[in-house]
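**Student:** no FASTA, just this:
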């Protein structure tokens, strides 16, 4: 499993899908965009009025928006490397690609980001799924198998340990699948409980090397994207509440930052 590697940053246009399968089924799908950015090559990305690293462009990426909130340009993945060491990952990744939403006009909402950690030969060492909820809390799911690299479409499963939606208790397992090549990527995360599949989610996108025209077109197409995502979250929450879906209060976050995957 791989992705484009020539440029330090790519723009992906695609779809976000979210389908609730149990207790009052409910689904939505929307157009979306995200970036694929090489964490080891941030300094190779020139700053423009449309995109910059750590700047105040229309679109921007700031390492401090991830991890422990302390990352800087000269050490953008220190927290991630420490996480891997703490979890017993003996190898240090040679290359790290992050799939995430960028800041747009200074605003950011990143419900989930995917860190793809590669070996020197290009094979995938591990994936870290960084999840944020609307309460400002964070949790990571580490997908790692010391015995072999991550294959295309491999199923990974990890126990749900982190509160995300008030309409689901912290119960069940997440199932992860990834399909990426030089043209497009698809990341799928499903929640499975005792009653079967509870949620199907995915984010997909076609990769392009962005120029000013591409960023400008993205702004006009998604000018209300970040604020619109928040509005849609509350709108769909209202619909679920009106349907009589049970509401669960937020528990204390897990004491450990990271949950390891089971092997499949």
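**Tutor:** Everything's here; your move. Here the structure is a predicted model, which is why all the values come from computation and not from measurement.

**Student:** What ranges in this protein fall below the confidence cut-off?
**Tutor:** Applying pLDDT under 70 to the chain picks out residues 1, 20-28, 163, 165-168, 224-251, 262-264.

**Student:** Could I get the full set of helices for this structure?
**Tutor:** Counting by DSSP state H, the chain forms helices over residues 78-86, 212-221, 225-242, given from the N-terminal end onward.

**Student:** Buried residues of the shortest one, list them for me.
**Tutor:** Right, helix 78-86. Along helix 78-86, these residues count as buried under the neighbour rule (16 or more other Cβ atoms under 10 Å): 79, 80, 83, 84. Glycine gets a C-beta too; all of them are placed from N, C-alpha and C.

**Student:** elements contacting that helix?
**Tutor:** Packed against helix 78-86, as judged by 3 or more Cβ pairs under 8 Å, 6 or more residues apart in numbering; DSSP states H and E, are the following elements: strand 112-118, strand 124-132, strand 138-144.

**Student:** what's the spacing between the spatially most central residue of the chain and residue 212?
**Tutor:** The residue lying closest to the centre of the chain (Cα atoms, centre = their mean) is residue 113, at 2.0 Å. Counting by Cβ to Cβ, to the nearest Å, the separation of residue 113 from residue 212 is 25 Å.

**Student:** before we move on, the earlier item: so what pairs up with the residue nearest to the centre of the chain in the strands?
**Tutor:** residue 130 (DSSP bridges).

**Student:** doesn't residue 102 make contact with it?
**Tutor:** No: contact status for residue 113 versus residue 102: not in contact, 10.8 Å apart, counting by Cβ atoms under 8 Å.

**Student:** List the contacts of stretch 63-83.
**Tutor:** Among residues not part of stretch 63-83, those counted as contacts by Cβ atoms under 8 Å, 6 or more residues apart in numbering are 39-40, 42-43, 53-54, 92-93, 96, 98, 100, 103, 108, 110, 113, 115, 117, 128, 130, 140, 142, 257-258.

**Student:** Among those residues, the buried ones, what's the ChimeraX command?
**Tutor:** The following ChimeraX selection, which keeps only the buried ones among the contacts of stretch 63-83, applies the criterion 16+ other Cβ under 10 Å:
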select :39,42,53,54,93,96,98,100,103,108,110,113,115,117,128,130,140,142,257,258
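
**Student:** can you pull up the bridge partners for residue 96?
**Tutor:** Residue 96 has the following beta-bridge partners by DSSP bridges: residue 117.

**Student:** So it versus residue 206, what's the distance?
**Tutor:** Between residue 96 and residue 206 the distance is 22 Å, computed by Cβ to Cβ.

**Student:** how many neighbours does residue 62 have?
**Tutor:** The burial count assigned to residue 62 is 18, neighbours taken as other Cβ atoms under 10 Å.

**Student:** mind listing what the closest residue to it other than its chain neighbours touches?
**Tutor:** Take residue 62 and drop its neighbours on the chain: the residue closest to it by Cβ to Cβ, 6 or more residues apart in numbering is residue 54, 5.4 Å away. Residue 54 makes contact with 60, 61, 62, 63, 73 under the criterion Cβ under 8 Å, 6+ apart.
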